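Visitor: Show me the folded form of this:
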Amino acid sequence: MKSMRILSVASEIYPIIKTGGLADVVGALPIALKAEDVETCTLVPGYPAVLEQLRTAATVLDWVPFFGGKARLIRGSHGELDLFALDAPHLFARPGNPYVTAEGTDWPDNGTRFAALGRMAADIGLGAVSTFVPDVVHAHDWQAGLAPAYLRYSRRERPGTVMTVHNMAYQGKFPRDMLGEFGLPAESFTIGGVEYYGGIGFLKAGLQLADRITTVSPTYAKEIQTDEGGMGLGGLLRERAGDMKGILNGIDNSVWNPATDPRISKRYNADHLQDREANKRALQQRFGLAPAPDAFLLGVISRMSWQKGLDLLFDNMQSILDQGMQLALLGTGDADLQDKYRAAAQANPARIGVLIGYDEDLAHLVQAGADALVVPSRFEPCGLTQLCALRYGAVPIVSRVGGLEDTVVDADAPAIADGSATGFKFAPVTTEYLASALQRALKAFRDRSGWRRIQQRGMSTDVSWRARANRYAELYRGIVRA
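Guide: Residues are numbered from 1 along each chain as shown. As a prediction, the model looks like this:
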């Protein structure tokens, strides 16, 4: 079977630059694809953090005028990752978050910045780098959404294209008068092209013009074909349903492995779950909670937002306190939610611990020390925290949406009886139904032998990229054959 070359295009990649789960996927999938005889090189913007890691990289396209300044393309590696970086200081030489200013507002030139990323991806796809001519260009989320458009409107022999949507809530819409600045032809501004409600839609362009579409779970693939879940693009996705697949995300088992994890207090496996107790003690200490080994300790690692349902969890705070539970929350997001959780922690310091921000090391400790991980999202394309929770024996309590529905087996009576239960699910996504799931989980936790069986079943679940990578490889080969 012929080895394939894939150009992956994304705005972030773990472990170099990360704001969310997109980076984890973009960083892990290329490594998993090697077992499928698929060679991947990933194009990312030349942020300061990226260039720092690629100081010895080779220049493959020298400085040329590009989107209002000068840019070059460099190629190097970071660990097992093969990378292209678009070094365009006028677009990417900025500190902090790659998308927003220090004040929390979008960079005003985000349209230009990520149009440039898509254009460079298309140039590579059309042979600009003779040593790496891809069979398929794989664009991730709106920031890479124009890559399929540039390739389609080049009118040249081109590679196949895949557009993966990780979250429909982020679509990238910019004014119509930027069409010329982006270098797109006038003919592209139609309902069958890049036009989207009178503007230029980056995600819409990718979904309209890519050869195939994927999203990150089978259930989310169904949800986004509805008017509500599609967020303005449901009709387009219904039209393209035959070209779309839902492929579950995975996690990197070498990074997320409680038996080898250097970031946790004590390593353990499914046969030595008693060693999790040391991590629970460490987690309670880190969050300033009472050292209570028998308390039901809930963990949360989340963006603090309406989507993630953390307002519903807050509405259950009094019940959590009344029933002797503890809560350790790591996250950042909406100022109002942050203030509410901080106030609850200040009023109940032995029971509620809140750390605003994100800390990768601490995220591992939450997974290793919490008894259960709560993910009450109103919508969740796939979710990675519940996959890590399964791996670490932190029993997931999740809403029945998207990838949460696809990856957790609810501990109802039949699943408990046949040993297939891995967590607790609830629907509809309301305060009351979340309260019921917390009650069920607390009752199960008090049956320690039964709880251990749920933990062990979750830890035996294959949440790796192994099977998922095979599906992507099949998709790529199908595109090339077509």
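Visitor: Now do the same for the nearest residue to residue 56 once chain neighbours are set aside: helix, strand or coil?
Guide: With C-beta to C-beta, 6 or more residues apart in numbering as the criterion, residue 56 has its nearest non-adjacent residue at 6.5 Å, and that residue is residue 76. Every residue, glycine included, has its C-beta placed from N, CA and C. The three-state label for residue 76, taken from DSSP: H, G, I helix; E, B strand; the rest coil, comes out as strand.
Visitor: any idea how far residue 76 is from residue 3?
Guide: Relative to residue 3, residue 76 is positioned 21 Å away (C-beta to C-beta, to the nearest Å).
Visitor: And the two? Which one has more around it.
Guide: Taking other C-beta atoms under 10 Å, residue 76 and residue 3 do not tie; residue 76 has more neighbours (18 against 9).
Visitor: Wait, that one touches residue 87, no?
Guide: No: the criterion here is C-beta atoms under 8 Å, and residue 76 misses it with residue 87 at 11.1 Å.
Visitor: give me the number of residues near the closest residue to residue 110 other than its chain neighbours?
Guide: Leaving aside its sequence neighbours, residue 110 sits nearest to residue 99 (C-beta to C-beta, 6+ apart; 6.6 Å). For residue 99, the number of neighbouring residues by other C-beta under 10 Å comes to 16.
Visitor: Tell me which residues touch residue 99, please.
Guide: Residue 99 makes contact with 11, 19, 106-107, 110, according to C-beta atoms under 8 Å, 6 or more residues apart in numbering.
Visitor: confidence score at it?
Guide: On pLDDT, residue 99 comes in at 97.
Visitor: now the strands for the stretch 151-300 of the chain?
Guide: Using DSSP state E, counting those that start in this stretch, the strands found in the stretch 151-300 of the chain span residues 160-165, 173-174, 195-196, 199-201, 212-215, 244-246, 297-304.
Visitor: Just checking: what are the partner strands of the second one?
Guide: The partner list of strand 173-174 in its sheet, established with DSSP bridges, is strand 199-201 (antiparallel).
Visitor: Rounded mean pLDDT for the strand it pairs with, please.
Guide: pLDDT averaged over strand 199-201 gives 98.
Visitor: what's the answer for stretch 420-435, then?
Guide: For stretch 420-435, the per-residue pLDDT averages 98.
Visitor: Stretch 270-289 too?
Guide: The model assigns stretch 270-289 a mean pLDDT of 98.
Visitor: Using the record, which stretches count as separate domains in this structure?
Guide: The chain breaks down by automatic domain parsing into domains covering 4-250+465-481, 273-459.
Visitor: Need those in TSV (columns: distance to residue 260).
Guide: Formatted as TSV, the domains of the chain follow (distance: least, C-beta to C-beta, whole Å):
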stretch	distance to residue 260
domain 4-250+465-481	16
domain 273-459	11
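Visitor: Among these, which comes closest to residue 264?
Guide: Residue 264 lies closest, by C-beta to C-beta, to one member of the domains of the chain: domain 273-459, at 4.1 Å.
Visitor: For the stretch 301-450 of the chain, which segments count as strands?
Guide: Remark: strands assigned in the stretch 301-450 of the chain by DSSP E, counting those that start in this stretch are 326-333, 352-356, 372-375, 395-399, 424-426.
Visitor: and stretch 13-21, how far out from the chain's middle?
Guide: 9 Å (C-alpha atoms, centre = their mean, to the nearest Å).
Visitor: where along the stretch 251-400 of the chain do the helices fall?
Guide: Secondary structure of the stretch 251-400 of the chain (DSSP state H, counting those that start in this stretch): helices located at 276-286, 310-315, 317-322, 335-347, 360-369, 385-392.
Visitor: between those helices, which gets nearest to residue 256?
Guide: Going by C-beta to C-beta, the one of the helices of the stretch 251-400 of the chain nearest residue 256 is helix 385-392, 5.0 Å.
Visitor: could you give the angle of that closest one to strand 395-399?
Guide: 160 degrees (axes from the mean of the first three to the mean of the last three C-alpha atoms, to 10 degrees).
Visitor: Please shift the residue numbers so they start at 11 in all later answers.
Guide: In the new count, where the first residue is 11, that last one comes out as helix 395-402.
Visitor: now the angle from helix 395-402 to helix 286-296?
Guide: Going by the same axes, to 10 degrees, helix 395-402 makes 130 degrees with helix 286-296.
Visitor: Looking at helix 395-402 now, give me its mean pLDDT.
Guide: 98.
Visitor: which residues touch it?
Guide: In contact with helix 395-402 (C-beta under 8 Å, 6+ apart) are residues 259-261, 263, 266-268, 309, 311-312, 373, 377-378, 380, 383, 385, 404-406, 408, 413-414, 417-418, 432-433, 468-469, 471, 473.
Visitor: Drop the exposed ones from the residues you listed and show what's left.
Guide: The neighbour-count criterion (16 or more other C-beta atoms under 10 Å) marks 259-261, 263, 266, 268, 309, 311-312, 373, 377-378, 380, 383, 385, 404-406, 408, 413-414, 417-418, 432-433, 468-469, 471, 473 among the contacts of helix 395-402 as buried.
Visitor: What segments of the stretch 11-160 of the chain are strands?
Guide: Under DSSP E, counting those that start in this stretch, the stretch 11-160 of the chain gives strands at 14-19, 48-55, 68-76, 79-88, 91-97, 146-150.
Visitor: Tabulate the ones you listed (a markdown table), appending mean pLDDT.
Guide: As requested, the strands of the stretch 11-160 of the chain are exported to a markdown table (pLDDT from 0 to 100):
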| stretch | mean pLDDT |
| --- | --- |
| strand 14-19 | 98 |
| strand 48-55 | 98 |
| strand 68-76 | 97 |
| strand 79-88 | 98 |
| strand 91-97 | 98 |
| strand 146-150 | 98 |
